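**Q** Next input, structure requested:
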Amino acid sequence: MTDHCCEMMQSQVNWSCDEHSSAFACPDALVLFIPKYREYGLIVHDGGSAKVGIGFCPWCGNRLPASQRDNWFDELESRGIDPDEDEIPAEFQDDRWIGMARRA
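**A** Sure, this is the predicted structure:
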């Protein structure tokens with residue numbers, strides 16, 4: 001589980017709605033967090049699944065962690081895993097891989 005910078009960010013990242021099955025469909029959902037990349041983004045409510053990456057918390061102003069997207073792909077490649085062709089191991093579905101990659 002990831003600790004977020006402030007209570008408002010924690011609340012937004014864990015947003016759930018009884019009316020909408022997806023954060024992209026809910027107009028009250030503002031922030032998306034992708035654990036496997038440690039990426040934050042503002043949801044673009046245009047009917048799709050777009051987000052705009054952010055580097056600072058909109059509520060407390062703290063700098064958010066750097067995205068690990070490139071490192072995620074690099075780590076999979078170093079293990080001979082093609083994310084387009086191969087099954088992605090469970091530890092790469094969230095941010096567990098980050099601690100494992102640093103120990104490897």
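**Q** Distance check, the spatially closest residue to residue 49 that is not a sequence neighbour against residue 40.
**A** Closest residue in space to residue 49, ignoring its immediate chain neighbours: residue 24 at 5.0 Å, by Cβ to Cβ, 6 or more residues apart in numbering. Quick note: C-beta positions are derived from backbone N, CA and C, even for glycine. Using Cβ to Cβ, to the nearest Å, residue 24 is found at 15 Å from residue 40.
**Q** okay, the two: which has more neighbours?
**A** Between residue 24 and residue 40, counted using other Cβ atoms under 10 Å, residue 40 has the larger neighbour count: 25 against 17.
**Q** Domain ranges for this protein, per the record?
**A** 7-53, 69-103 (automatic domain parsing).
**Q** so who does the most centrally placed residue in the chain touch?
**A** In the chain, the residue lying closest to the centroid (Cα atoms, centre = their mean) is residue 34, at 1.1 Å. The contact partners of residue 34, taken as Cβ atoms under 8 Å, 6 or more residues apart in numbering, are residue 41.
**Q** mean pLDDT lowest for which of the domains of the chain?
**A** Across the domains of the chain, domain 69-103 has the smallest mean pLDDT, namely a mean of 89.
**Q** Check the offset of that domain from the chain's centre.
**A** The chain centre lies 14 Å from the centre of domain 69-103; the measure is Cα atoms, centre = their mean, to the nearest Å.
**Q** do the same with stretch 46-63
**A** With Cα atoms, centre = their mean as the basis, stretch 46-63 stands 11 Å off its chain's centre.
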